[in-house]
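Undergrad: A structural model of the following input is requested.
(one chain, ligands or ions: 1)
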Amino acid sequence: MLIDTHSHIYLSEFDEDRAEVVNRAKAAGVAHIILPNVDKETLEPMWALEATDTKFFSATIGLHPTSVDAEYKKELEWVKNKLARRPYCAIGEVGIDLYWDKTFREEQIIAFEQQLQWAIDYDLPVIIHQRDAFEDTIACVEKYNCSKLRGVFHSFGGSLEEAQRILSLGGFYLGINGVVTFKNSKLSHVLEQLSPEYLVLETDAPYLTPAPHRGKRNESAYVRLVAQKLAEIYQQPVNEIIEITGKNATKLFSL
Ligand SMILES: [Zn+2]
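TA: Numbers count the residues shown, from 1 in each chain. Presented below is the predicted three-dimensional model:
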């Protein structure tokens, strides 16, 4: 099963041609798409897309670190209420992002830890976003790690040491997207030293478009390009990569 475990095709970037984007994904062999939530603003469009085909889409709930500000307690209360009202396939995306702004580092840590606790309470996997904050992020996950905590470090682009620290937690996978196809990326050398048993595929559409479409809007159909790049790295048929990563995603998200 070719699965895009991280796609924001509910965003306004796709308002003009969303149906065609979905059709192209299905034509490329995509069997399922996970739609990670960002914040209050994205919930309605995400739900609306999920409702068009509940067997093909799965929605998540969470507060994204770049949406954490002085009002974060109210936002968390909102997540808590939504979480109690209907089922989701994961908590996400959550984490710590110090690339754009370090002002709310403490608040980001508190919000992340609270949402890790909810992932444990609701027995759901967690979709983790971190940027320029690996040490803070892994410290939180290590603090909350237990037999129930599991998930994905989405858009993984770190070192072998970082990958090993994530994988030693037990229930975590690395989310691999178009970054692995970038000429200047060292990620393929890191992945060469890891088994595809630890990987899931994603696009992060509309961002991080794989080669040869770099610079254009990303979409879920391009997850196949990520699978093809991994097939090159592991010198395995692309269908084997799709099968292994698809099994990982199916298990992690209980699809
Ligand atoms: Zn995302």
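Undergrad: does Tyr88 sit in a helix, a strand or a coil?
TA: When classified by DSSP: H, G, I helix; E, B strand; the rest coil, Tyr88 comes out as coil.
Undergrad: and the spatially closest residue to Val21 that is not a sequence neighbour, how many neighbours?
TA: Of all residues not flanking Val21 in the chain, Glu219 sits nearest, at 4.9 Å (C-beta to C-beta, 6 or more residues apart in numbering). C-betas here are computed from N, CA, C, even on glycine. The local packing of Glu219 (other C-beta atoms under 10 Å) involves 26 other residues.
Undergrad: what comes into contact with stretch 113-127?
TA: Contacting residues not belonging to stretch 113-127 are listed as 5-6, 34, 36, 60, 62-63, 76, 79-80, 83, 88-94, 140-141, 143-144, 146, 148-152, 154, 171, 175, 252-253 [C-beta atoms under 8 Å, 6 or more residues apart in numbering].
Undergrad: Centre of the chain to it, how far?
TA: Here the centre of stretch 113-127 is set off from its chain's centre by 15 Å, with C-alpha atoms, centre = their mean, to the nearest Å.
Undergrad: Buried residues in that stretch, which are they?
TA: Neighbour counts using 16 or more other C-beta atoms under 10 Å place 114-116, 118-120, 124-127 of stretch 113-127 among the buried residues.
Undergrad: before we move on, the earlier item: please verify my assumption that the residue nearest to Val21 contacts Val22.
TA: No - if you go by C-beta atoms under 8 Å, Glu219 and Val22 don't touch, sitting 9.1 Å apart.
Undergrad: can you pull out the strands in the chain?
TA: 2-4, 30-35, 57-59, 91-97, 126-131, 151-153, 172-176, 199-201 (DSSP state E).
Undergrad: what's the longest one packed up against?
TA: In terms of contacts (3 or more C-beta pairs under 8 Å, 6 or more residues apart in numbering; DSSP states H and E), strand 91-97 is packed against helix 105-121, strand 126-131, helix 134-144.
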